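Visitor: Generate a structure from the sequence data that follows.
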Amino acid sequence: MDKPGDRAPAHPTPTGDARTSTVRYNVSLLTPGDLYLFNEGSHSRLYQKMGAHLATDNGEGGAYFAVWAPSAAQVTVVGDFNGWDTTRHPLRPRDRSGIWEGFVPGVGKGALYKYHVVSTHGGYAVDKADPFALRSETPPRTASVVWDAGYAWGDHAWMDSRRRHNARNAPIAIYEMHLGSWMRMSEEGGRSLTYRELAPRLAEYVQRLGFTHVEFLPVMEHPFYGSWGYQTTGYFSPTSRYGTPQDFMYLVDYLHQQGIGVILDWVPSHFPSDEHGLAYFDGTHLYEHADPRKGFHPDWKSLIFNYGRHEVRSFLLSSAIFWLDRYHVDGLRVDAVASMLYLDYSRKEGEWIPNVYGGRENLDAISFLRRLNEEVYVNFPDVQTFAEESTAWPMVSRPTYVGGLGFGMKWDMGWMHDTLLYMSKDPVYRRHHHSDLTFRMLYAFTENFVLPLSHDEVVHGKGSLLGKMPGDDWQKFANMRLLLGYMYGQPGKKLLFMGGEFGQWREWEHDGSLEWHLLAYAPHQGLQRWVEDINRLYRGEVALHELDLDPAGFEWIDGSDAAQSVLTFLRKGRSPEQSMLIACNFTPVPRHGYRVGVPRGGFWREMLNSDGKEYGGSGMGNHGGLHAESVPWNGRACSLSLTLPPLAMVFLKGPASG
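Guide: Now for the predicted structure:
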């Protein structure tokens, strides 16, 4: 962390007019309407006006700077173009907006800069990175970089059709990943791939395995690599660790051209206290609450945005819209929504302040989230917002006009917790915990759910997904295939964190690469092949995705066979002839002649079987399918006499008519 008053280290100073030029105040990108909307809290395109922008004045090139610092007595631009001199290029306040602005001739693309802010409070002085910077220095350096957002996009076909790919009735299978540790160059000291190096490798891999979208842990600039991006300082700046803004645009563009959607994690819930960032920006608690009972997060030792401040809302709204607009991303996953909604989140009695009605709900945050989603969907109706929200807050993914928060979808954190708790138990005990699997169906359609097996469950000593599975190695892999197959059989969209698709043994480490060498071994190859095949089935079979978020798409056959730890259910499409039978055996005991009622007679084809030898299983199954018999069962006129393999599941497709 910088000490108060510290500036960026000295840099070579280029020659040119900027060293001796004076600031000009006749150039401005901000209209009176911009100032009104900014101070009102409804400006969502501030990135077009604030920060550093290359411009010209009477044919002379330079950079226009604008920064919000209402309690500043003086703001000057310092950088490599003026020897980091705090007196040479002062900005001027614009009316009563709290914004300081000015045009500095001779400043070009690539120039390093900060704002030297002298507060009206006690003469406090500090050098701040630009909150609206388009590019930042690579940490641990902390200066901003004058840049532009120009790029020749080639993803027109994707952008024209992405509404179909992001729709609620579309198959959405998300590959969640951390850019810096997905694959590293071991022959070059273990360095991370650049954005451009990543593009063809990632696209080929995701395509081959059949995922529809990738979701990146936050790419926004962050000083501490170990925060994985969740402690953001650059809300408009992709991390420079892997390349330039245009390099990241290239990655998104390339993925789009290969038919792959891109979702970004976005963190409006809190920010770090690093001095060069947003904290105590102008000698006051500008972006954060002054009272630590509202402004300090006890879990993450970070600062909480003041959602009641109009200009802070404009800042955050603009950040969200920026990534959708300038980077063509297809969705935003909003992190830690629960921490935003509750004033007493992770706080003890006396450590929080009730709202004006005496309740624990953060009314300002609720208002902000609703406005955020309205702004996103009005401007980009073909994208999705996803809430990481872990409580029973109602209507998170319901429209604001009926009282919801307005998100497109919500992570089902309860499903992840309950299912992993169940799967981690020795099968002999699972019969006593059957409700951990069935409870979800009591609430499964109260929200538009994504079923995550996310990074949250493979960090902080929790081990890997494969490591959670009980039994010997064969049983671990069988359980892992069963877990993933069960997720794809359940209603809801899907998300899997990198490494889970081939059975990484160790817990995820952000400083290293995934254990790609494991794919030299058959069990890991088999698990990866299983993921590839269930993704293909999920995408290809309407019954498995069309009504993912609709109760008409699910029907229990028998959810009560706790004694044998078996679940059987139907997934259905809009047509009554579209149906898929899913049968799961959560024990290592094969079930021969296991009778299951089905809605109609005819041949039920075995589409996938997680016990297939090609996946590393024992090869037990139903020989490609079987005919339904006229034997009433489970309240249905017809039934199948199935073989349920050990620690496995089967997908059987119903006849087209019957």
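Visitor: wait, what's in contact with the most centrally placed residue in the chain?
Guide: The structure's the chain has its C-alpha centroid closest to residue 265; by C-alpha atoms, centre = their mean the separation is 3.1 Å. Applying C-beta atoms under 8 Å, 6 or more residues apart in numbering to residue 265 gives the contacts 215-218, 229-230, 332-333, 335. Backbone N, C-alpha and C define where each C-beta goes, glycine included.
Visitor: same thing with residue 329?
Guide: So residue 329 contacts 252, 262-264, 323, 383 (C-beta under 8 Å, 6+ apart).
Visitor: Pick out whichever of those residues sits closest to residue 579.
Guide: Distances from residue 579 to the contacts of residue 329, taken as C-beta to C-beta, are shortest for residue 263 (30.2 Å).
Visitor: which other residues reach stretch 113-121?
Guide: 7-8, 52, 65, 67, 69, 71-81, 86, 91, 100, 107, 124-130, 142-146, 276, 281-284.
Visitor: Then the residue nearest to the centre of the chain would be within a strand, right?
Guide: Yes. Residue 265: assigned to a strand according to DSSP: H, G, I helix; E, B strand; the rest coil.
Visitor: Tell me the helix or strand right after whichever strand or helix holds residue 205.
Guide: Assigned by DSSP states H and E, residue 205 falls within helix 195-209. Beyond helix 195-209 in the direction of the C-terminus, DSSP H and E gives the next helix or strand as strand 213-216.
Visitor: What pairs with the following helix or strand past that next one, parallel or antiparallel?
Guide: Next in sequence after strand 213-216, counting helices and strands by DSSP H and E, comes strand 220-221. In the sheet, strand 220-221 lines up against strand 234-238 (antiparallel) (DSSP bridges).
Visitor: for the strand it pairs with, which positions count as buried?
Guide: 234-238 (16 or more other C-beta atoms under 10 Å).
Visitor: Between which two of those residues is the distance greatest?
Guide: Once C-beta to C-beta is applied, the buried residues of strand 234-238 give 235 and 238 as the farthest pair, at 10.8 Å.
Visitor: any residues in contact with both of those two?
Guide: Joint contacts of residue 235 and residue 238 (C-beta under 8 Å, 6+ apart) are residue 220.
Visitor: Which strands or helices does the host helix or strand of residue 161 pack on?
Guide: Taking DSSP H and E as the definition, residue 161 sits inside helix 156-166. On a contact count with 3 or more C-beta pairs under 8 Å, 6 or more residues apart in numbering; DSSP states H and E, helix 156-166 meets helix 245-257, strand 261-266.
Visitor: avg pLDDT for that helix?
Guide: Here helix 156-166 scores 97 as its mean pLDDT.
Visitor: Straight-line length of stretch 232-251, end to end?
Guide: End-to-end distance for stretch 232-251: 21 Å, by C-alpha to C-alpha, to the nearest Å.
Visitor: cool, stretch 184-199 as well?
Guide: Counting by C-alpha to C-alpha: the opening and closing residues of stretch 184-199 are 14 Å apart.
Visitor: quick one: buried residues of it?
Guide: 184, 192-199.
Visitor: Show me the contact partners of it.
Guide: 179-183, 201, 238, 241-243, 247-248, 250-251, 254-255, 512-513.
Visitor: Name only those of these that count as buried.
Guide: Counted by 16+ other C-beta under 10 Å, the contacts of stretch 184-199 give 179-183, 238, 241-243, 247-248, 250-251, 254-255, 513 as buried.
Visitor: State the pair within those that is farthest apart.
Guide: The distance between the two most remote of those (C-beta to C-beta) is 21.9 Å, for 250 and 513.
Visitor: picking that back up, quick one: mean pLDDT over the helix holding residue 205.
Guide: 98.
Visitor: Over to stretch 415-428?
Guide: Predicted confidence along stretch 415-428 averages 97 (mean pLDDT).
Visitor: swap in stretch 121-136?
Guide: pLDDT averaged over stretch 121-136 gives 96.
Visitor: buried ones in it?
Guide: 124-136.
Visitor: got it, and stretch 144-155?
Guide: Buried-residue list, stretch 144-155, by 16+ other C-beta under 10 Å: 144-147, 149, 151, 155.
Visitor: Using CSV, write down the CA coordinates of it.
Guide: Only the C-alpha atoms of stretch 144-155 are listed here, as CSV (Å, rounded to 0.1, in the frame of the first residue of the first chain):
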residue,chain,number,x,y,z
SER,A,144,-3.2,5.0,-14.8
VAL,A,145,-2.4,5.0,-18.6
VAL,A,146,-3.9,7.3,-21.1
TRP,A,147,-5.6,5.0,-23.6
ASP,A,148,-8.5,4.6,-25.9
ALA,A,149,-11.2,1.9,-26.5
GLY,A,150,-10.9,1.6,-30.2
TYR,A,151,-11.1,-1.9,-31.8
ALA,A,152,-12.3,-3.3,-35.1
TRP,A,153,-14.8,-6.0,-33.9
GLY,A,154,-15.5,-9.0,-36.0
ASP,A,155,-18.3,-10.6,-34.0
